[in-house]
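> heads up, no residue letters with this:
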Ligand SMILES: Nc1nc2c(c(=O)[nH]1)N[C@H]1C(S)=C(S)[C@@H](COP(=O)(O)O)O[C@H]1N2
Ligand SMILES: [Mo]
């Protein structure tokens with residue numbers, strides 16, 4: 001996460017992002033205004049109403065910054081249509097001065113641009129189905145992307161409102177209408193106030209109006225969303241309508257009930273289980289010999305692999321090692337990390353491995369500087385969250 005008051009282009013130059021990343025990001029925004037309902041680049045739609053889509057992995061691992069039209073979309077309801085001129089963000093709850101802020105009001109605060117990876121807690125959910133079918137959007141490993149996010153620090157806005165001492169959690173509510181148990185609710189979340197205040201400039205959570213240097217698209221939360229680097233995507237609420245300071249966690253379904261790791265979905269399990277906040281470490285293979293991994297029939301010998309790796313959401317976590325195995329985990333080689341490092345950001349990696357007719361699968365695993373690692377297996381859970389076991393690609397070697 002790079003904090004700055006400078007433009008995205010300057011920031012990209014300053015942090016030395018690979019030229020292809022810059023080129024692809026610019027090209028994507030030039031070619032696709034991202035405003036039309038069905039124009040979404042190379043995305044594979046898992047559902048179209050609401051819109052849930054992920055990029056093919058071979059496209060995803062081409063660039064450290066994910067072009068907006070290749071960035072996964074996860075929405076629980078149709079995109080609300082919001083007039084940016086009439087838009088007001090409400091700040092309420094345990095504050096001395098409740099506020100109703102236009103976008104221009106918000107922009108009076110110092111602007112920050114950070115680069116951060118967003119991923120859905122359900123990324124790689126489809127792999128749980130080998131044990132027993134899990135519900136939810138059937139994500140492969142593409143529900144992840146890395147973008148620059150421009151906006152203001154939530155901490156600054158809370159200061160303006162005079163947040164009171166008793167506040168422990170900050171609630172976010174969206175302006176979308178999600179059908180739920182016969183009624184309509186907004187998508188919502190909350191984060192602990194310590195997360196909001198994180199970092200020297202207090203940019204643990206941002207109120208964001210631009211993604212990759214362009215206004216947010218309708219799919220990604222226009223005109224305003226939160227971004228909470230290091231936390232699961234569900235805490236980065238799109239089409240943000242209100243922020244509430246409270247002594248308690250949000251009662252919204254998506255914080256109080258959904259997004260928990262439970263083996264049964266009965267009320268006791270839900271209420272006794274804590275919400276997921278931080279990301280888990282994860283990695284996947286994106287290409288074999290530069291091609292999509294789908295048809296992995298290989299000749300014996302050296303093959304070139306590329307993929308992504310994301311450290312856990314623990315403060316200061318850096319990717320330590322990405323390792324590959326061609327013998328079902330008996331021995332491991334180490335991949336090369338191919339781009340710079342930034343807080344709460346993924347990295348891309350490449351490796352050459354030597355496969356033989358005995359090789360049945362390619363496996364990648366990773367660990368980070370905070371002790372997080374990808375386990376060989378992740379216990380099945382009813383909603384299919386936090387799948388970060390060794391990522392395996394079956395192969396046939398001739
Ligand atoms: N208002 C609102 N915010 C939302 C959601 C939603 O459905 N409604 N989905 C959440 C989930 S589960 C994820 S993973 C991220 C996805 O953000 P993206 O679509 O920009 O990739 O948005 C989060 N914020
Ligand atoms: Mo998500």
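Done, it's in. The shown structure was predicted, so the numbers you read here are calculated from the model rather than taken from an experiment. Ligands and ions are numbered 1, 2, ... in the order given.

> quick check: bridge partners of residue 394?
residue 361 (DSSP bridges).

> ok, now how distant is it from ligand 2?
Separation of residue 394 from ligand 2 (CB to the ion, to the nearest Å): 27 Å. Where C-beta positions appear, they are placed from N, C-alpha and C, glycine not excepted.

> so that residue sits against residue 359, correct?
No: the criterion here is CB atoms under 8 Å, and residue 394 misses it with residue 359 at 10.1 Å.

> out of the two, which sits in the more crowded spot?
The neighbour comparison of residue 394 against residue 359 (other CB atoms under 10 Å) goes to residue 359, with 19 against 9.

> for the more buried one, what are its contacts?
Counting by CB atoms under 8 Å, 6 or more residues apart in numbering, residue 359 makes contact with 326, 327, 395, 397.

> report pLDDT for the second one.
In the predicted model, residue 327 carries a pLDDT score of 97.

> secondary structure class for it?
What DSSP: H, G, I helix; E, B strand; the rest coil gives for residue 327 is coil.

> grab the nearest non-local neighbour of it.
Spatial nearest neighbour of residue 327, excluding adjacent residues (CB to CB, 6 or more residues apart in numbering): residue 359 at 6.8 Å.

> just the pLDDT for the one you found.
96.

> repeat that for residue 364.
pLDDT for residue 364: 98.

> part of a helix, is it?
No: assigned with three-state DSSP, residue 364 falls outside any helix and is strand.

> okay but it is in contact with residue 286, surely?
No: between residue 364 and residue 286 there is no contact under CB under 8 Å: 10.0 Å.

> which residues in the stretch 101-250 of the chain form helices?
103-106, 154-161, 193-196 (DSSP state H, counting those that start in this stretch).

> just put these in CSV and tack on mean neighbour count and distance to ligand 1.
Supplementary listing: those in CSV, determined by neighbours: other CB atoms under 10 Å; distance: least, CB to the nearest ligand atom, whole Å:
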stretch, mean neighbour count, distance to ligand 1
helix 103-106, 15, 17
helix 154-161, 21, 15
helix 193-196, 20, 16
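
> could you name the stretch from those that's closest to ligand 2?
With CB to the ion, the closest approach to ligand 2 among those belongs to helix 193-196: 17.4 Å.

> weed out the non-buried ones from the contacts of residue 359.
Applying 16 or more other CB atoms under 10 Å to the contacts of residue 359, the neighbour count classes 326, 395, 397 as buried.

> and the second one, how close does it get to ligand 1?
Residue 395 sits 30 Å away from ligand 1, going by CB to the nearest ligand atom, to the nearest Å.

> what's the answer for the first one, then?
Here the criterion is CB to the nearest ligand atom. By it, residue 326 lies 33 Å from ligand 1.

> ramachandran angles for the residue nearest to that residue when sequence neighbours are not counted?
For residue 326, ignoring the flanking residues on the chain, the nearest one in space by CB to CB, 6+ apart is residue 359 at 4.3 Å. Main-chain torsions, residue 359, degrees, to the nearest 10: phi -70, psi 120.

> state the mean pLDDT of stretch 313-321.
Mean pLDDT, stretch 313-321: 97.

> first to last residue in that stretch, what's the distance?
This stretch, stretch 313-321, spans 16 Å end to end (CA to CA, to the nearest Å).

> buried stuff in that stretch?
Buried positions in stretch 313-321, judged by neighbour count with 16+ other CB under 10 Å: 313, 314, 317, 319, 320.

> so, low pLDDT: which residues of the stretch 201-350 of the chain?
By pLDDT under 70, the weakly predicted segments of the stretch 201-350 of the chain are 295.

> skipping adjacent residues, who's closest to the residue in the chain that ligand 2 sits nearest to in space?
The nearest approach of the chain to ligand 2 comes at residue 120, 3.3 Å away (CB to the ion). Take residue 120 and drop its neighbours on the chain: the residue closest to it by CB to CB, 6+ apart is residue 143, 3.9 Å away.

> surely that neighbour meets residue 73?
No: at 9.3 Å, residue 143 does not count as touching residue 73 under the criterion of CB under 8 Å.

> quick check, the residue in the stretch 201-350 of the chain closest to ligand 1?
residue 233 (2.5 Å; CB to the nearest ligand atom).

> overlap in contacts of residue 364 and residue 286?
residue 307.

> what number of residues lie near residue 44?
Neighbours of residue 44 under the rule other CB under 10 Å: 14.

> how about the residues of this protein near ligand 2?
Contact residues (CB under 5 Å from the ion) of the chain with ligand 2: 74, 120, 233, 234.

> what about the last one, neighbour count?
Looking back up the chat, that one is residue 234. 23.

> what distance do you get for it to residue 76?
For residue 234, the distance to residue 76 equals 10 Å [CB to CB, to the nearest Å].

> what's the answer for residue 289, then?
Distance from residue 289 to residue 76, by CB to CB: 38 Å.

> of these two, which one has the most company?
Neighbour totals were compared for residue 289 and residue 76, and residue 76 leads with 21 against 13 (other CB under 10 Å).

> near ligand 1, which residues of this protein?
Applying CB under 6 Å from any ligand atom, one finds that the chain approaches ligand 1 through 71-76, 118, 120, 174, 176, 187, 220, 233-234, 236-239.

> start and end of stretch 248-260, how far apart?
Stretch 248-260 end-to-end distance (CA to CA) = 17 Å.

> what about it, distance to the chain center?
Computed by CA atoms, centre = their mean, to the nearest Å, the chain-centroid distance of stretch 248-260 equals 18 Å.

> tell me the buried residues in it?
Neighbour-count burial for stretch 248-260 [16+ other CB under 10 Å]: 249, 250, 252, 253, 254, 255, 256, 257, 258, 259, 260.

> contacting residues around the third one?
In this case it means residue 252. 171, 173, 185, 186, 187, 188, 189, 190.

> likewise the fourth one?
Applying CB under 8 Å, 6+ apart, we find residue 253 in contact with 180, 185, 188.

> again with the first one
Residue 249 makes contacts with 169, 190, 255, 256, 275, as judged by CB under 8 Å, 6+ apart.
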